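K.L.:
everything below, folded, please.
(one chain, ligands or ions: 1)
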Amino acid sequence: MTGVIDRLKGGLIVSCQALPHEPMHGAGHMAAMAAAALEGGAAGIRANSPQDIRAIRARVAVPIIGLHKVEYADSPVYITPTIREVAEVVDAGADIVAVDATERLRPGGQTLKQFFAEAKARFPGMLFMADVSTYEEGIAAIGMGFDLISTTMSGYTPHSAQRQEPDLELVGKLAAAAAGAAPIVAEGRIETPDQLREAFELGAFAAVVGSAITRPQLIARRFASAIPDSAGRKP
Ligand SMILES: CC(=O)N[C@H](C=O)[C@@H](O)[C@H](O)[C@H](O)COP(=O)(O)O
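P.N.:
Below you'll find the predicted structure:
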């Protein structure tokens, strides 16, 4: 296990992401979010786009899990889909590159296996996180030698469990199967400290929380929609 991964063990990783259509979009905002997350006790940051990763790198010293969301016409894969985005994320200073590791084909018809072999060859020594949506994908990613396995995509592929809550069942199953041989990260729809605690009780190595901490528009909506008869003011 490398030093970077050790530093994430048992920790909270805060995902600081705002896409172009979101009010907090902008590298300066994301760097401030990352600094705030650190003050709150985060052990690591997850961030999207070379610009945001660079700004966050300049501001905080904890491990950064970087990704680049890019949409291609010929594939539904958008989290670091090709080697081009891997190179951008590495160049921006991320410690770990997060990539879609679902069974779906990538742009140009590339399989995950082909893509991962190319990524490892181009960037030897770089750490990679597999964003999976099912148990089978998690097991396959462990077999391929990914450094971290995250439940990120559960609920976001048509063939995975569709639920409102975090997929803690998947976290538990993967942690039991990995039996300490590969770090399993709980990610996706964790909204409460109790859910986070449960993920660790089920064997998670670390947990990522995004929207519940860093998407203020969603936090405000949770409160606004709790007001009786608030329907008229909903956006
Ligand atoms: C599915 C997908 O594209 N997930 C993205 C992955 O980087 C982010 O949009 C999420 O915010 C992140 O996974 C954290 O999850 P949550 O915001 O639910 O705590």
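K.L.:
C-alpha only now, for contacts and for neighbours.
P.N.:
Noted.
K.L.:
so in the chain, which helix runs the longest?
P.N.:
As assigned by DSSP state H, the longest helix anywhere in the chain is helix 27-39.
K.L.:
what lies in contact with it?
P.N.:
14, 16-18, 24, 44-45, 51-53, 55-56, 59-60, 214 (Cα atoms under 8 Å, 6 or more residues apart in numbering).
K.L.:
who does the next helix or strand after it pair up with?
P.N.:
Per DSSP states H and E, the first helix or strand lying C-terminal to helix 27-39 is strand 44-48. Next to strand 44-48 in the sheet, as set by DSSP bridges, lie strand 12-16 (parallel), strand 64-67 (parallel).
K.L.:
and the next helix or strand after the shortest one, what other elements does it pack with?
P.N.:
Later in the chain than strand 64-67, the nearest helix or strand by DSSP H and E is helix 83-91. The contact analysis (3 or more Cα pairs under 8 Å, 6 or more residues apart in numbering; DSSP states H and E) places helix 83-91 against helix 50-59, strand 64-67, strand 96-100, helix 112-122.
K.L.:
in a markdown table: those, plus mean pLDDT, distance to residue 205 and mean neighbour count.
P.N.:
Formatted as a markdown table, the helices and strands packed on helix 83-91 follow (pLDDT from 0 to 100; distance: least, Cα to Cα, whole Å; neighbours: other Cα atoms under 10 Å):
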| stretch | mean pLDDT | distance to residue 205 | mean neighbour count |
| --- | --- | --- | --- |
| helix 50-59 | 98 | 23 | 21 |
| strand 64-67 | 99 | 15 | 27 |
| strand 96-100 | 99 | 15 | 26 |
| helix 112-122 | 98 | 22 | 15 |
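K.L.:
show me the contacts for the residue nearest the centre of the chain.
P.N.:
Taking Cα atoms, centre = their mean, the centroid of the chain lies closest to residue 152, which sits 5.6 Å from it. Counting by Cα under 8 Å, 6+ apart, residue 152 makes contact with 131, 132, 133, 186, 187, 188.
K.L.:
against residue 190, how distant is it?
P.N.:
To residue 190, residue 152 is 11 Å away according to Cα to Cα, to the nearest Å.
K.L.:
thinking again about what came up before, what about the contacts of residue 152, which are in strands?
P.N.:
Using DSSP state E, 131, 186, 187 are the members of the contacts of residue 152 that sit in strands.
K.L.:
check contacts around residue 45.
P.N.:
13, 14, 15, 16, 34, 62, 63, 64, 65.
K.L.:
one step back: the longest helix of the chain versus strand 12-16: what angle between them?
P.N.:
160 degrees (axes from the mean of the first three to the mean of the last three Cα atoms, to 10 degrees).
K.L.:
for helix 27-39, give the mean pLDDT please.
P.N.:
If you average the pLDDT over helix 27-39, you get 98.
K.L.:
can you list the buried residues in that helix?
P.N.:
Buried positions in helix 27-39, judged by neighbour count with 16 or more other Cα atoms under 10 Å: 27, 29, 30, 31, 32, 33, 34, 35, 37, 38.
K.L.:
got it, and stretch 205-225?
P.N.:
205, 206, 207, 208, 209, 210, 211, 212, 213, 214, 215.
K.L.:
isn't residue 104 up against residue 113?
P.N.:
No: if you go by Cα atoms under 8 Å, residue 104 and residue 113 don't touch, sitting 11.0 Å apart.
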